[in-house]
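> this is the structure alone, sequence omitted:
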């Protein structure tokens, strides 16, 4: 995701990029293979929020600089209108520092920072207001064009998860803070299911049809639409691949399997015979046998038994809710399966109800119906009573 963001920034003419990462330096290690020029890396030893992260790059900051959330791979929709607004304000304010952010409408204002406005001028910010108490339906989208003087406001705020928002509020109350309305509901990355919308954007804008020369395609395989098939992947007889769809390297797709509608199959996966995968994400090295896997996410190294079903639609066709941190959360989705963490193992004929979470390293016993979240490192199964009678 960060790589897509970098590529989008380069296309918009931005040459100097600073990436703030954790002490594991995993972003830096991952990006080294791409030999990207013009990147500086800064370490944030502990995840103390965006405000503390921005403070760490003060010495490298220019007089005006952009800040982007990592999921903002749609920056082309944000940079041009911000720079247009910047030039307009520059003429009227005679070169004074300017703080500009982008905002967009949302149907769930209680999940975001919401703006109080007069025209395009920001007067107040409410972080995750209670339903019915929001100033407007305009949320902060995660793109900021900041003057260097903003650092003095950050330094005055105690370090906490929302110190950036508090500093923005203080700035808005004392200085001139402006907003650009991009007039569409942008995706965010707050919950696991947000990856579905981000994946869709990536497929629609970056995915290209390609079948690697080393891939082996069996007899009577149907490949329709925009489909990517990686190196040394094998697709066996009578499988159907309906794009947009991504299949990585060294995968095996079994006989009569169906992969369709934004299915994302990463490297070293096995999708067994007669399985159907729709709009789901499989991270690397998973194995699934026959069954239905709809609108679900599987972490790395999962082994899923034959006959597994992920229910992805409620019987009443209503909105699906999930339990997150012991609270019921509206997902905004009417089609949503389950989220399964890495290293999960399941027996045969397991069923998962819509919106459930399965913690990593868990085991799900055979023929189990999972209708609630399962914590990590759990053994979860349904007991059966054995009945043996003499046949008459």
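All right, it came through fine. Since the structure is predicted, the reported quantities are computational estimates derived from the model, not experimental observations.

> and the nearest residue to residue 153 once chain neighbours are set aside, what element?
Spatial nearest neighbour of residue 153, excluding adjacent residues (C-beta to C-beta, 6 or more residues apart in numbering): residue 167 at 4.4 Å. Using the backbone N, CA and C atoms, a C-beta is placed for each residue, glycine as well. Residue 167 belongs to helix 163-174 when elements are defined using DSSP states H and E.

> touching that helix from outside, list them.
By C-beta atoms under 8 Å, 6 or more residues apart in numbering, the list of residues contacting helix 163-174 from outside reads 49-52, 54, 99, 101, 113, 122-125, 127, 140, 144, 150, 153-154, 156-157, 160, 177.

> any weak-confidence spans in the stretch 51-200 of the chain?
Applying pLDDT under 70 to the stretch 51-200 of the chain flags the ranges 94-95.

> all helices for the stretch 151-300 of the chain, in order.
Assigned helices in the stretch 151-300 of the chain, in chain order: 163-174, 194-206 (criterion: DSSP state H, counting those that start in this stretch).

> distance from the first one to the middle of the chain?
Between the mean C-alpha point of helix 163-174 and the mean C-alpha point of its chain there is a distance of 27 Å (C-alpha atoms, centre = their mean, to the nearest Å).

> give the buried residues for it.
For helix 163-174, the neighbour count (16 or more other C-beta atoms under 10 Å) marks 163-172 as buried.

> and the two most separated of those residues?
With C-beta to C-beta as the measure, no two of the buried residues of helix 163-174 lie farther apart than 163 and 172, at 14.9 Å.

> for residue 297, give its distance to residue 45.
Distance of residue 297 to residue 45, given as C-beta to C-beta, to the nearest Å: 29 Å.

> more neighbours, these two?
A count of neighbours by other C-beta atoms under 10 Å puts residue 297 above the other of residue 297 and residue 45, at 22 against 8.

> what sits against that one?
Here residue 297 is in contact with 192-193, 195, 280-281, 283, 338-340 (C-beta under 8 Å, 6+ apart).

> mind running it again at 10 Å?
192-193, 195-196, 199, 264, 280-283, 336-341, 357 (C-beta atoms under 10 Å, 6 or more residues apart in numbering).

> just the buried members of those?
For the contacts of residue 297, buried by 16+ other C-beta under 10 Å: 192-193, 195-196, 199, 264, 280-283, 336-341, 357.

> so which of the residues you listed belong to strands?
264, 281-282, 339-340, 357 (DSSP state E).

> which one of these is nearest to residue 387?
residue 340 (32.2 Å).

> wait, doesn't that closest one sit right on residue 361?
No: applying C-beta atoms under 10 Å, one finds residue 340 not in contact with residue 361, separated by 11.2 Å.

> list residues touching both of the two?
Shared contacts of residue 340 and residue 361 (C-beta under 10 Å, 6+ apart): residue 299.

> can you tell me the centre-most residue of the protein?
By C-alpha atoms, centre = their mean, the chain has its centre lying nearest to residue 195, at 3.0 Å.

> wait, that one sits on residue 203?
No: Residue 195 is not in contact with residue 203 according to C-beta under 10 Å; the separation is 12.0 Å.

> need the residues touching each of these two.
Joint contacts of residue 195 and residue 203 (C-beta under 10 Å, 6+ apart) are residue 264.

> so how far is residue 181 from residue 173?
Distance from residue 173 to residue 181, by C-beta to C-beta: 21 Å.

> what does the domain assignment say about the chain?
Residue ranges for the domains of the chain, per automatic domain parsing: 2-181, 194-380.

> what is the end-to-end distance of the shortest one?
Separation of the first and last residues of domain 2-181 by C-alpha to C-alpha, to the nearest Å is 24 Å.
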